[in-house]
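>>> no FASTA, just this:
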């Protein structure tokens, strides 16, 4: 949502209406995602999974995590997957995308 501050809207405000509609759909989805995440995270230790902050990792763990991210979870890949998901979900139900 940081980039929203730099958008320029036309004089009719149609883009603003669309942005608000998207936001109204997105915020409940993000809240639900956070609830799911918290539910998963609380059970991780029961399964031997330790979630750590970056500064808690050793240098070799950081290097391994960095390599994994670059090869498997790159931001460009994650973003394109998100866009495809949004388009497929909304194109059937809304003329927004």
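Here it is on my side, so go on. The shown structure was predicted, so the numbers you read here are calculated from the model rather than taken from an experiment. Numbers count the residues shown, from 1 in each chain.

>>> from here on, just use CA atoms for contacts and neighbour counts.
OK.

>>> pLDDT (mean, whole number) over the longest helix seen in the chain?
Secondary structure assigned by DSSP state H gives helix 14-43 as the longest helix of the chain. Throughout helix 14-43, pLDDT has a mean value of 91.

>>> stretch 53-73 too?
pLDDT averaged over stretch 53-73 gives 90.

>>> can you list the buried residues in that stretch?
Residues of stretch 53-73 classed as buried: none (neighbour count, 16 or more other CA atoms under 10 Å).

>>> any idea how this protein splits into domains?
1-51, 52-97 (automatic domain parsing).

>>> tell me, how many neighbours does residue 19 end up with?
14 (other CA atoms under 10 Å).

>>> residue 23 too?
13.

>>> that one and residue 15, how far apart?
Counting by CA to CA, to the nearest Å, the gap from residue 23 to residue 15 is 12 Å.

>>> one more: residue 27?
With distances taken as CA to CA, residue 27 is found 18 Å from residue 15.

>>> neighbour count: those two, which is higher?
residue 15 (14 against 11).
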